[in-house]
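>>> Sharing a model prediction with you, sequence too.
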Amino acid sequence: MSVAVIDCGTNSTRLLVVDEHGVTQERHMTITRLGQDVGRTGRLHPEAIERVLQCLASYRVIMDTYGVNEGLVVATSAARDAENGAAFLAECERITGLSVALLSGTEEAAASYRGATSDLPHDPRTTVIIDIGGGSTELAFYQNTDLVAFSMQLGCVRVSEAHLGTGVILPDARDRALTMIRAEIDRMVEAEPRFLSLVGDVRLVGLAGTVATLAQMDTGTVLYDRNVVHHHIMSRETVRKWSDALAHETAAARLRHPGMVPGREDVLVGGLLILEEVMSRFAIDELLSSECDILDGVAARLREGRDVT
C-alpha cells in the first residue's frame, strides 16, 4: 500500500508518495509561500492559505491515482508561529483526507536528519544536517546515541522579509540581516553547548530549497535532474560567491541564472547568508547537498508504524 507525506512549509508545499517497499512513486514541489507576512502579522495570510489549499487539492488527485489512504501532512515554522495555524491545519486535513501533525523544531530536525542521511555512504566524521526552510533553520547531529538538535528562528523568507527586501541588497540591509543571523546562532550555542564540538572536521549535509537551488545553479542544471544535484559537493567559497553575486542583482536578473527556481529568486540570498554564516561559525569548508529530506524521514517512520511526533 502506498503512503503519502505532504510538507506544508513556509515557502513551499511538497508531496512524496512511496510504495510498500519505500520506493518513490511521486515527488512534487510547489512554491506557495505560506509564510507570507507571518513574521509581521502573526497570522497566515488568506491568499497564502488559499494557495496552499489549492495545491493540496491537486496533490489529492495525484494520491488518488495510487490509491493512497494513509499518510501524514506535516506543518512546520509558519503554522507554528501563526495564531490561525490550527484552523489552517483543519482545512489541510479535510482536503487531503490525511492526518495532520504540527511538528516542533526538534521533531522537524529529527525527521530531516533521518531522511537526509538515509542513503549516505559511511564517513568517520560527525554528520551534521542543516535544513534551511522559509521560516526556520534546523541543525542536528548525533553525539553517541543522543540527537543534538536546535531550530533557529531563521529562514530564507523570514530573513528576507525582515531586512533584505526583494531586489538589490544594499550593504546596510545585509549587515542587519547578518546581525539577526549571528544572534540566532549565538542563541543556539548558548542553549545547546554541544554544538561547540562541531568546530572543524565534520560532514555538513544541506537540504531543502536553498541548498537544492544552489546546487542546481552551481551545476548549471536548467531542468531539474536529481542525479546531478543529489550529493553534489560545494565549498564555502562557492556559497559566498553566489551570495555576493545575487545580492547585487534584481530578482528578475537572478531568474536568468540557469538553475534558479522561480519563486526562490527573491529569498535565496537570505538562505545563502544563513548557510554561509553557519559554515563560517563552525569552520566548515564543504557542503554536501541532499535531495532526501524531511519527507523521506517521515515516510520511513510511517512505514515502520512509528509515531512521527
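Thanks, I have the structure now.

>>> ranges for the helices of this protein?
38-41, 46-65, 77-81, 85-96, 105-116, 156-159, 171-191, 209-219, 226-229, 236-247, 251-254, 268-281, 294-303 (DSSP state H).

>>> so which of these comes closest to residue 142?
Nearest to residue 142 among the helices of the chain is helix 105-116; the distance by CB to CB comes to 7.9 Å. To be clear about C-beta, it is placed using only N, CA and C from the backbone, and glycine gets the same treatment.

>>> Could you export the helices of the chain as CSV, including mean neighbour count and mean pLDDT?
Formatted as CSV, those follow (neighbours: other CB atoms under 10 Å; pLDDT from 0 to 100):
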stretch, mean neighbour count, mean pLDDT
helix 38-41, 18, 83
helix 46-65, 17, 95
helix 77-81, 25, 80
helix 85-96, 16, 93
helix 105-116, 24, 89
helix 156-159, 29, 92
helix 171-191, 15, 96
helix 209-219, 24, 94
helix 226-229, 14, 88
helix 236-247, 18, 96
helix 251-254, 16, 94
helix 268-281, 24, 96
helix 294-303, 24, 88
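
>>> Redo those helices as TSV? Include distance to residue 132.
Shown next, in TSV, are those (distance: least, CB to CB, whole Å):
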stretch	distance to residue 132
helix 38-41	16
helix 46-65	20
helix 77-81	11
helix 85-96	21
helix 105-116	11
helix 156-159	6
helix 171-191	11
helix 209-219	4
helix 226-229	15
helix 236-247	11
helix 251-254	17
helix 268-281	5
helix 294-303	12
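
>>> for these, which one sits closest to residue 4?
Between the helices of the chain, helix 46-65 lies closest to residue 4; by CB to CB that is 5.1 Å.

>>> Report the backbone C-alpha coordinates of stretch 91-99 in PDB.
What follows is stretch 91-99, C-alpha atoms only, in PDB (Å, rounded to 0.1, in the frame of the first residue of the first chain):
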ATOM      1  CA  GLU A  91      -8.600  22.600   6.300                       C
ATOM      2  CA  CYS A  92      -5.500  20.600   5.300                       C
ATOM      3  CA  GLU A  93      -6.900  17.500   6.900                       C
ATOM      4  CA  ARG A  94     -10.300  18.000   5.300                       C
ATOM      5  CA  ILE A  95      -8.900  18.400   1.800                       C
ATOM      6  CA  THR A  96      -6.200  15.700   1.800                       C
ATOM      7  CA  GLY A  97      -8.100  13.100   4.000                       C
ATOM      8  CA  LEU A  98      -4.800  12.500   5.800                       C
ATOM      9  CA  SER A  99      -3.800  13.000   9.400                       C
END
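
>>> ok, residues contacting that stretch?
Residues from elsewhere that reach stretch 91-99 (CB atoms under 8 Å, 6 or more residues apart in numbering): 4, 6, 8, 49, 52-53, 56-57, 59-60, 63, 69-73, 75, 100.

>>> and with 6 Å instead?
Residues outside stretch 91-99 that contact it (CB atoms under 6 Å, 6 or more residues apart in numbering): 53, 56, 57, 60, 71, 72, 73, 100.

>>> before we move on, back to that, quick one, which of the helices of the chain gets closest to residue 123.
The nearest among those, by CB to CB, is helix 105-116 at 13.0 Å.

>>> circling back to that earlier point, select, out of the helices of the chain, the one closest to residue 29.
The closest of those to residue 29 is helix 209-219. By CB to CB, the value is 7.8 Å.

>>> contacts for the closest one?
Helix 209-219 has contacts (CB under 6 Å, 6+ apart) with 12, 132, 156, 228-229, 232, 234, 238, 257, 259, 261, 264, 268, 271, 289.

>>> Looking at these, spot the one nearest residue 281.
Among the contacts of helix 209-219, residue 132 lies closest to residue 281 (CB to CB), at 14.3 Å.

>>> quick one: the closest residue to the closest one other than its chain neighbours from residue 136, how far?
Leaving aside its chain neighbours, residue 132 sits nearest to residue 210 (4.3 Å; criterion: CB to CB, 6 or more residues apart in numbering). To residue 136, residue 210 is 12 Å away according to CB to CB, to the nearest Å.

>>> again, but for residue 4
Taking CB to CB, one finds residue 4 at 23 Å from residue 136.
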